[in-house]
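In: below is the sequence, then the predicted model.
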Number of protein chains: 2
Amino acid sequence: MCDVPLKSYAALQKSFSSDIGGAATRQAIGELYTACLQFLSTAQREPLRSLIAGKEYFAFRVGEKLSRPVNAALFAGDARQWKSFAAALRDNALDAFKPEDLTRIIYSVAISFCCYIDLTKSRDQKTPGTFFEYLISHLFAWKLRVNPTTRIQVLNLDMDTTLPTDFIFNLGKDRPKFHLPIKTSTRERVIQVWAHQRVLDGVFGTGRFLGVPVILAETKTDAVKREVIEICLPEQWRIYQMHIAQLKRIYYLDVPATYVKLNDVFPPINVKSFGHFFFEADTLSA
Amino acid sequence: MCDVPLKSYAALQKSFSSDIGGAATRQAIGELYTACLQFLSTAQREPLRSLIAGKEYFAFRVGEKLSRPVNAALFAGDARQWKSFAAALRDNALDAFKPEDLTRIIYSVAISFCCYIDLTKSRDQKTPGTFFEYLISHLFAWKLRVNPTTRIQVLNLDMDTTLPTDFIFNLGKDRPKFHLPIKTSTRERVIQVWAHQRVLDGVFGTGRFLGVPVILAETKTDAVKREVIEICLPEQWRIYQMHIAQLKRIYYLDVPATYVKLNDVFPPINVKSFGHFFFEADTLSA
């Protein structure tokens, strides 16, 4: 049974490579989620000591292995919720959901696979990161009705080269293009996100690409003390936003408490839970 | 004997924390180098197949463990050369050396410790990286006659915060300040170097900080085929240099062939072997 999620993951990779935003990819995500929940139902839940006000965390345990922290209020652990979400995507009928509902469902799918890998592999950060890219870029492609690219041509006087990028969604002439970095966490590497936005602004003109990173969480567990903290750099974010480039939104599945406050400083940085994207995507360029 | 370099390393950490550019730190580097050479003299040298034109590489082997690639033409493996270099630093008499001599000596010190760690630890990238910071920042501190800091205060209207930085050398009023990122290799993370330069330019004004990263090498070994390649992104560097910020020099100990050519494009990026720094540091702000 331990291998079922990996088989579902291989199926997801296949459908992702043929149609990122398509129904087959969504179906594969659902099957993988179900398989992960099945696996996690055999794991123990171990409470962690949360040092983050207002948030409770636990970890899954199998033998000696402990998963990354799971936000108790966000974790649904119920495949039926994903099914109704997937049906609503199919029918283009998300109005019955609130942003918080969507955030919880998507968080649960993402964290389930991450915990499955934590409990069955050693030091594997790459596979959870790639899965999270699949999940988020699928949802973006569904919403924006176009598949993304990860290279972009740069024509500049006597220069003609292609630049590798995060996911880029090109909605066509006179419409915004989206620059979508997808990370399970950022820490000090986050400056890359602003730097890539700066390159896009510089090469193609400011305002043509809306930078909207989507990040899973910034939590970290002290394995000995079983304490959960969030690693946040709000003052550095402000300096990056003022001096490198402007990101339009920063979406989180598990929004760090410290970053919520950046909505209230001036100039603000708009940090929101990812569920909001589905209701504001069409107006983000305004 | 296997532990002798680690003890020398602990001594280096201690003297570094009290005086980065001081004679005690230089002495500790020399003792560590001697201990590493002693250790490496018991290791086998295994030739690697170099796919880089004009460069030969070998690796040290102890049992099953293989070190990172070592540039055969740059590796001196002779502690006496370091001793004459250290004596010249003490006497402020570098004129007897050519830039290439200095590059070779400093490369040999750096790569010896890296290989020692490769052969005695598992997956430890951090210790070689930290040692390389010690080595290069010591030499900068000697040359510039001031110790560096790694935080800088940002006062900006109603904002007062400190920004963590790479090594910063403040030569005082009306003189340049140096921004010194030190990396054993960069790959796709290199965009961070330009982004940090951009932040310094934005916060303090363009031209106040000279960005001069020092990098060990960009080599990578295919462990199965025993082939050495260099991972280089010259087109991306050009875009970063045009659209993020301007780096003054990019110094390498083992200069990648591909990056040498960036001296000849327009606008050029000045990529040089690190030995040149000692002879041009005083004129870099011109």
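Out: Great, that's in hand.
In: ok and the residue in the stretch 1-150 of chain A nearest chain B?
Out: Using C-beta to the nearest C-beta, the point where the stretch 1-150 of chain A gets nearest to chain B is residue A:123, with a distance of 8.3 Å. C-beta here means a position set from N, CA and C on the backbone, and glycine is covered the same way.
In: how about the stretch 51-200 of chain A: which residue is closest to chain B?
Out: Per C-beta to the nearest C-beta, the residue of the stretch 51-200 of chain A with the smallest distance to chain B is residue A:195, at 3.7 Å.
In: that residue and residue B:147, how far apart?
Out: When distances are taken as C-beta to C-beta, to the nearest Å, residue A:195 and residue B:147 turn out to be 29 Å apart.
In: walking through the stretch 151-286 of chain A, point out its helices one by one.
Out: Along the stretch 151-286 of chain A, the stretches classed as helices by DSSP state H, counting those that start in this stretch are A:191-204, A:234-243, A:257-260, A:277-280.
In: where does pLDDT dip in chain A?
Out: Low-confidence segments of chain A, defined by pLDDT under 70: A:1.
In: mind checking how far the longest helix along it is from the chain centre?
Out: Among the elements of type helix in chain A, defined by DSSP state H, the one spanning the most residues is helix A:99-120. How far helix A:99-120 lies from its chain's middle: 10 Å, per C-alpha atoms, centre = their mean, to the nearest Å.
In: need the contact list for the residue of the stretch 51-200 of chain A closest to chain B.
Out: Under the criterion of C-beta atoms under 8 Å, 6 or more residues apart in numbering or on different chains, the contact partners of residue A:195 comprise A:244-245, B:191-192, B:194-195, B:198, B:240, B:244.
In: mind picking the two most distant members of those?
Out: Between any two of the contacts of residue A:195, the greatest separation by C-beta to C-beta is 14.2 Å, found for A:245 and B:192.
In: between these two, which has more neighbouring residues?
Out: Neighbour totals were compared for residue A:245 and residue B:192, and residue A:245 leads with 24 against 19 (other C-beta atoms under 10 Å in any protein chain shown).
In: residue A:161: neighbouring residues, count only.
Out: Residues contacting residue A:161 under the criterion other C-beta under 10 Å number 14.
In: ditto for residue A:42
Out: 11.
In: picking up where we left off before, now the residue of the stretch 51-200 of chain A closest to chain B, nearest residue through space, not along the chain?
Out: residue B:195 (3.7 Å; C-beta to C-beta, 6 or more residues apart in numbering or on different chains).
In: what of residue A:127?
Out: Leaving aside its chain neighbours, residue A:127 sits nearest to residue A:117 (5.2 Å; criterion: C-beta to C-beta, 6+ apart).
In: looks like that neighbour contacts residue A:129 (just checking).
Out: No - with contact defined as C-beta atoms under 8 Å, residue A:117 does not count as touching residue A:129 (9.8 Å).
In: of these two, which one has the most company?
Out: Just comparing residue A:117 and residue A:129: by other C-beta under 10 Å the higher neighbour count belongs to residue A:117, 22 against 16.
In: got the end-to-end distance for stretch A:36-44?
Out: Using C-alpha to C-alpha, to the nearest Å, the span of stretch A:36-44 from its first residue to its last is 14 Å.
In: swap in stretch A:169-188?
Out: Start-to-end span of stretch A:169-188 (C-alpha to C-alpha) is 26 Å.
In: same question for stretch A:111-130.
Out: Between the start and the finish of stretch A:111-130 there is a gap of 13 Å, counting by C-alpha to C-alpha.
In: report the buried residues of it.
Out: A:111-120, A:127-130 (16 or more other C-beta atoms under 10 Å in any protein chain shown).
In: ok, stretch A:49-64 next?
Out: Quick answer for stretch A:49-64 (16+ other C-beta under 10 Å): A:50, A:52, A:55-60, A:62.
In: ok, which residues in chain A are in contact with chain B?
Out: Within chain A, the positions near chain B by C-beta under 8 Å from any C-beta of the partner chain are A:154, A:156, A:159, A:161, A:163-164, A:188-189, A:191-192, A:194-196, A:198-199, A:201-203, A:235-236, A:238-240, A:242-244.
In: go again using 10 Å as the cut-off
Out: Taking C-beta under 10 Å from any C-beta of the partner chain as the measure of proximity, chain A contacts chain B at A:123, A:154, A:156, A:158-164, A:188-196, A:198-203, A:233-236, A:238-240, A:242-245, A:265-266.
In: from those residues, keep the buried residues only.
Out: Among the residues of chain A next to chain B, those classed as buried by 16+ other C-beta under 10 Å are A:154, A:163, A:190-196, A:198-203, A:233-236, A:238-240, A:242-245.
In: so where do the strands sit in the stretch 1-150 of chain A?
Out: Listed in chain order, the strands of the stretch 1-150 of chain A (DSSP state E, counting those that start in this stretch) span A:44-47, A:49-50, A:57-62, A:65-66, A:70-71, A:149-156.
In: got the contact list for residue A:69?
Out: Contacts for residue A:69 were tallied using C-beta atoms under 10 Å, 6 or more residues apart in numbering or on different chains; they are A:48, A:50, A:52, A:55-60, A:111, A:115, A:217, A:219-221, A:226-230, A:254.
In: from residue A:151, how far off is it?
Out: In this structure, residue A:69 lies at 35 Å from residue A:151, with C-beta to C-beta as the measure.
In: cool, residue A:177 as well?
Out: With distances defined as C-beta to C-beta, the gap from residue A:177 to residue A:151 amounts to 14 Å.
In: repeat for residue A:232
Out: Spatial separation of residue A:232 from residue A:151 under the definition C-beta to C-beta is 32 Å.
In: neighbours of the spatially closest residue to residue A:276 that is not a sequence neighbour, how many?
Out: Counting by C-beta to C-beta, 6+ apart, residue A:99 is the residue found nearest to residue A:276 once chain neighbours are left out, at 4.5 Å. Residues lying near residue A:99 (other C-beta under 10 Å) number 17.
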